[in-house]
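In: can't give you the sequence, but here's the structure:
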């Protein structure tokens, strides 16, 4: 047990310092292996790498196709087209709502949250300038739209955090729709009103919009595909995945093919976009696989049985212990998919068995796992948080408080609400 805790501390501490999980996960796994009495070389070459490779084998096609789909949406201007059209409908005076809805529509349509940050930021600058709102609120607004309810809560979302639980609980992306919708409403509405309150607070104190240091006015441009055409690939992924029940790989392929057909005049840029998406997906899948490999080593040491007993011994609904396990591991790894991957690889079969024995619908375990992955993952060392702050030109001191409230605090409250619904038999 001490070795497992020490390994988690090493993993979280080094990740917080900004060191890549690709190489710190094996170091942390080595700490666990040594203190757990395992042969160090065998623990790395066999145990660790088996978890790493198995996760990559199962999920690399989804990571790659999702990244390619998002990159094509960005490079063809379709992501920008959707965002601009939505904000025109909502109005420039409701800048926070416009950015929030734009991020939510793109991520729910299958666009990677990293791509969404790049696509929406220029638009956010324009809207916040016109509404005279402090740029310090842009990271929190983007985080709310891209990192929370469309990633983990809204039924049918094609984001990886909603797909990983399907193989452990024999469910699909629409699992536990009532729990998901209620949790999404808490995140979206609660986060929006918090950000509006922060806007009024800042304005009252005299803090309004200021140009970025380079004073570069980023033009969102009008040279983009029509909104109707731009929304079609997003709808294609969603409808084929959830209504036709196509495999996520086929659903993403259908979206990519339609996207390329609709932008056939831009075919010269397809290779560059596909290459960029594919290369970007490699880092993403390796990061998550590295975290899962660490979890595989944890599972192999004797202390894991004690850890399992402690988690399973948490009083009350077993969904509570699942939420605790996923949240803690997501926080330790700084990754929603990585933390959930570790937890479900180690404990997923036990929770599924509990579901079958207790009569709790496996869909409830699916939804709680997904929701919990989007809580403590958004700690300061999270890769998406670091990217968001870099792109927006903000520091943790400037904007992390708002990211924490909308990305950590409110999602945890939403998870509690979902568990309460499940305890009443409402899924």
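Out: Perfect, I can see it now. A quick note: this is a predicted structure, and the numbers were derived from the prediction, not measured.
In: after the helix ranked longest in the chain, next one along is what?
Out: Longest helix in the chain, counting residues (DSSP state H): helix 270-300. Next along the chain after helix 270-300, taking DSSP states H and E as the criterion, comes helix 303-312.
In: any low-confidence regions in the chain?
Out: Confidence mapping of the chain against pLDDT under 70 gives the ranges 214-222.
In: What ranges does the stretch 201-350 of the chain have for its helices?
Out: Secondary structure of the stretch 201-350 of the chain by DSSP state H, counting those that start in this stretch: the helices cover 227-242, 248-262, 270-300, 303-312, 318-333, 336-358.
In: which parts of the longest helix of the chain are buried?
Out: Using 16 or more other Cβ atoms under 10 Å as the test for burial, helix 270-300 gives 270, 273-274, 276-277, 280-281, 284-300. Quick note: C-beta positions are derived from backbone N, CA and C, even for glycine.
In: repeat for stretch 383-398
Out: By 16+ other Cβ under 10 Å, the buried positions in stretch 383-398 come out as 383-385, 388-389, 391-394, 398.
In: could you give the angle of the helix or strand containing residue 62 to helix 270-300?
Out: Using DSSP H and E, residue 62 sits within helix 49-75. If you take axes from the mean of the first three to the mean of the last three Cα atoms, to 10 degrees, helix 49-75 sits at 150 degrees to helix 270-300.
In: tell me what the next helix or strand after helix 49-75 is packed against?
Out: Going down the chain from helix 49-75, the next helix or strand is helix 78-90, by DSSP H and E. Judged by 3 or more Cβ pairs under 8 Å, 6 or more residues apart in numbering; DSSP states H and E, the packing partners of helix 78-90 are helix 49-75, helix 95-108, helix 113-131, helix 227-242.
In: Figure out which of the ones you listed is closest to residue 84.
Out: Judged by Cβ to Cβ, the one of these that comes nearest to residue 84 is helix 113-131, at 6.3 Å.
In: Between helix 49-75 and the closest one, find me the angle.
Out: Using the same axes, to 10 degrees: helix 113-131 against helix 49-75 is 40 degrees.
In: Could I get the buried residue list for helix 113-131?
Out: The neighbour-count check on helix 113-131 (16+ other Cβ under 10 Å) flags 113-129, 131 as buried.
In: Same check on stretch 368-382?
Out: So stretch 368-382, judged by 16+ other Cβ under 10 Å, has buried residues 368-379, 381-382.
In: just stretch 182-191 next, same as before
Out: 182-184, 186-188, 190-191.
In: Same check on stretch 43-60?
Out: Neighbour-count burial for stretch 43-60 [16+ other Cβ under 10 Å]: 43-44, 47-48, 51-52, 55-56, 59-60.
In: repeat for stretch 81-90
Out: Neighbour-count burial for stretch 81-90, counted by 16+ other Cβ under 10 Å, picks out 81-87, 90.
In: possible to save those residues as CSV with distance to residue 425?
Out: What follows is those, written out as CSV (distance: Cβ to Cβ, whole Å):
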residue, distance to residue 425
81, 43
82, 38
83, 40
84, 44
85, 41
86, 37
87, 41
90, 37
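In: Which of these sits closest to residue 208?
Out: residue 87 (19.5 Å).
In: Residue 168 - nearest residue in space that isn't next to it in sequence?
Out: residue 348 (3.5 Å; Cβ to Cβ, 6 or more residues apart in numbering).
In: That neighbour against residue 170, yeah?
Out: No: Residue 348 is beyond contact range of residue 170, at 10.8 Å (criterion: Cβ atoms under 8 Å).
In: When those two are compared, which one has more neighbours?
Out: More crowded of residue 348 and residue 170, by other Cβ atoms under 10 Å: residue 348, with 20 against 14.
In: ok, now which ones touch that one?
Out: Counting by Cβ atoms under 8 Å, 6 or more residues apart in numbering, residue 348 touches 165, 168-169.
In: what does residue 165 give?
Out: By Cβ under 8 Å, 6+ apart, the neighbours of residue 165 are 171, 175, 340, 344, 348, 365-367, 369-370.
In: among the helices of the stretch 201-350 of the chain, which is nearest residue 15?
Out: Ranking the helices of the stretch 201-350 of the chain by proximity to residue 15 (Cβ to Cβ) places helix 318-333 first, at 6.8 Å.
In: mind listing what's buried in that closest one?
Out: For helix 318-333, using 16+ other Cβ under 10 Å, the buried residues are 318-323, 325-333.
In: and the end-to-end length of stretch 303-319?
Out: End-to-end span of stretch 303-319 (Cα to Cα, to the nearest Å): 22 Å.
In: would TSV of the helices and strands packed on helix 78-90 with distance to residue 417 be doable?
Out: Shown next, in TSV, are those (distance: least, Cβ to Cβ, whole Å):
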stretch	distance to residue 417
helix 49-75	28
helix 95-108	19
helix 113-131	23
helix 227-242	23
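In: do you know which of those lies nearest residue 150?
Out: That would be helix 95-108 among those, by Cβ to Cβ, at 4.2 Å.
In: other SSEs contacting that closest one?
Out: Helix 95-108 sits against helix 78-90, helix 113-131, helix 138-147, helix 149-152, helix 177-204, helix 227-242, with contacts defined as 3+ Cβ pairs under 8 Å, 6+ apart.
In: Return the residues in contact with the nearest residue to residue 64 once chain neighbours are set aside.
Out: Closest residue in space to residue 64, ignoring its immediate chain neighbours: residue 281 at 4.2 Å, by Cβ to Cβ, 6+ apart. Residues in contact with residue 281 (Cβ under 8 Å, 6+ apart) are 60, 63-64, 66-68.
In: Which one (most neighbours) among those residues?
Out: Counting neighbours by other Cβ under 10 Å, residue 66 leads the contacts of residue 281 with 28 neighbours.
In: list the contacts for it?
Out: Taking Cβ under 8 Å, 6+ apart, we find residue 66 in contact with 110, 112, 158, 160, 252, 281.
In: Would you reformat the residues you listed as JSON lines and include distance to residue 352?
Out: Converted to JSON lines, the contacts of residue 66 look like this (distance: Cβ to Cβ, whole Å):
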{"residue": "110", "distance to residue 352": "27"}
{"residue": "112", "distance to residue 352": "29"}
{"residue": "158", "distance to residue 352": "23"}
{"residue": "160", "distance to residue 352": "20"}
{"residue": "252", "distance to residue 352": "26"}
{"residue": "281", "distance to residue 352": "29"}
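In: Now the two most distant members of those residues.
Out: Farthest apart among these by Cβ to Cβ are 158 and 281. That separation is 14.5 Å.
In: My guess is residue 114 contacts residue 390. True?
Out: No: look at residue 114 against residue 390 with Cβ under 8 Å: they stay out of range, at 11.2 Å.
In: Residue 94: what's its closest spatial neighbour, skipping adjacent residues?
Out: Distances taken as Cβ to Cβ, 6+ apart place residue 131 nearest to residue 94, at 7.7 Å, with adjacent residues excluded.
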